Structures are given as C-alpha cells and as structure tokens.
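Q: What would the 3D arrangement of this be:
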Amino acid sequence: MAGGCILALMVIVVILNLFAALTGLALMALAIWVVVDPYKMYPICAASGKTDIFAAAWIAIFTGFAYFCTAIFGIFAAVKRRRSLMLTYLILMFIIFVFESASCITAVTNRDYLLGNSNQVKYQMLKYYTDNSVQGQQITSTWDKVMGDAQCCGTDSPLDWVEYNSTFMQTSGNTYLWPINCCRSNVGTGVVDLNACKLGLSSAMFNTGCFSYIQSTLNRYTWAISWYGFSVQMFMFFVLLFGIVYVILLE
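A: I've put the predicted structure just below:
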C-alpha cells in the first residue's frame, strides 16, 4: 500500500516538474521580451531614476532558466527515489523561489512609483527633449517614437510645451510651439499641414497627451514580470509542497 502511494506521488511530482520546466521557459521568454524593450521605454524610466522593472526582468530571466533546469533535475531525482537528490532539488527550488519573489515585488513597486502621476514623466520630457547630452538624445528618440506610434503630443496635452519652460522651447524659439512629431502626417508625404499645426488646429495635430500610452505600455511590462511571475510562484508552491511530501514518504 505504501509502495503504491509513493509510486503515485512520484508520478505526480514528475508531471508537476514537467509543467514547472515549461513554466520556467515561458517566464524567461516574457522577461527577455521586457529586456529587449520593444516600446523603447527604458530611457523614460532611466531619466526618472527608476529602472527597477528592467532589473526585475533580468532576475526573471535567471529564475526562469533556473526553474527549467531545476525542474528537469527534480524529475531525475523523483524517478531515482533518492532522498539526498530530492533534498538538493527542494533547496535549489526554494532559493529560486525567493529570487523570483524579489523580482515580482521589484516590478510592482517600480510601476507604482513611476506611474503614480504624470508630473515625473513630464519633468524629464521638458528637461531632456532636444538636449544635446546622451540622455537627451535617448529621450528625444523615445518621445519621437511615442508621439508617432500613439498619435499623441506631450505628457498630458500639447499645452505642456507651451505652459512650462523646456529645453525644446529654448532651442526652437518661436519657430515651433511643440515638436513637429505632434503634427499629423501621412506615410511618404510627411506632415499634412505644417502651418495649421503651428497654429494648433486640431485637424492638423494630435491633441491628446501620451501619458496613458506610457502607462499602458509599462503596465504590459509589469504584467509580464510581476503578475505572471506571481502566478508562477503560486504553481511552484504546490510543486514544492508535493516534493516535500514525497521526500517525507521516501525511505
């Protein structure tokens, strides 16, 4: 009877670790997607002094791969029915569990800081856009992409460029009140109506701010690292639990 229970539990542990290995690969893939930064949000985070979400992504790459390797080892240990191997497996899984928990918490706290209000993002936009420094060039490139992709202008609205002093205002003088990327354009032909855009006509420029787009983009990154990471942790908790029971029943 006891032998039958151990055999059944071994099968469960093997199956759970097989899924754990696949889950680890998925976590690693999502973390790599965040590190690659397809929406080019890193300069905005860096200018605000909070790049924790990308640090969390690097941790998740390590933990995802570590989960994969350790789960494969767990399958081997369970099949061999050796308590020493299973104890080693459980210790490794617990260490990885702690690191992945830190990754999830780091991603969530970074999101709350950066996306609490738009003033932080607006400040670095006004300070660094068109600035000649390396950081200024990165911020300029990022905002040009954001305004083009999301068809938006400024952080809260185009009036950000008019109501506040900015590096862009100092460099452009009275030629443009807002960046040319705020103007509506067609592929191949460029800006639809430059003069109308200079005058601020709604038909020729984007009238909404970009903060909601930045929020949604960083929320995608946060979901990938934290919320999926938390779901992985919940699953790994049960993997560890069954592994502990299996070790206790082994002779």
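Q: Okay, now the unreliable bits of the stretch 51-200 of the chain?
A: 110-116, 187-190 (pLDDT under 70).
Q: What is the subsequent helix or strand relative to the helix ranked longest in the chain?
A: Longest helix in the chain by number of residues (criterion: DSSP state H): helix 2-36. Counting by DSSP states H and E, the element after helix 2-36 in chain order, helix or strand, is helix 42-47.
Q: That next one packs against which elements?
A: In terms of contacts (3 or more CB pairs under 8 Å, 6 or more residues apart in numbering; DSSP states H and E), helix 42-47 is packed against helix 52-80, helix 119-128, helix 134-150. Where C-beta positions appear, they are placed from N, C-alpha and C, glycine not excepted.
Q: Kindly reformat those helices as CSV containing mean neighbour count.
A: Shown next, in CSV, are the helices and strands packed on helix 42-47 (neighbours: other CB atoms under 10 Å):
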stretch, mean neighbour count
helix 52-80, 21
helix 119-128, 19
helix 134-150, 18
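Q: other SSEs contacting the longest helix of the chain?
A: Applying 3+ CB pairs under 8 Å, 6+ apart, we find helix 2-36 packed against helix 52-80, helix 228-249.
Q: Find the nearest non-adjacent residue to residue 135, please.
A: Nearest residue to residue 135, sequence neighbours excluded (CB to CB, 6 or more residues apart in numbering): residue 128, at 5.8 Å.
Q: Report the contact partners of that neighbour.
A: By CB atoms under 8 Å, 6 or more residues apart in numbering, residue 128 lies in contact with 47, 135-136, 139-140, 167.
Q: do residue 33 as well
A: Contacts of residue 33 by CB under 8 Å, 6+ apart are residue 224.
Q: Mind pulling the model confidence for it?
A: In this model, residue 33 is scored at 95, pLDDT.
Q: from the chain's centre, how far out does stretch 244-251 sit?
A: Here stretch 244-251 shows a centroid-to-chain-centroid distance of 38 Å under the convention CA atoms, centre = their mean, to the nearest Å.
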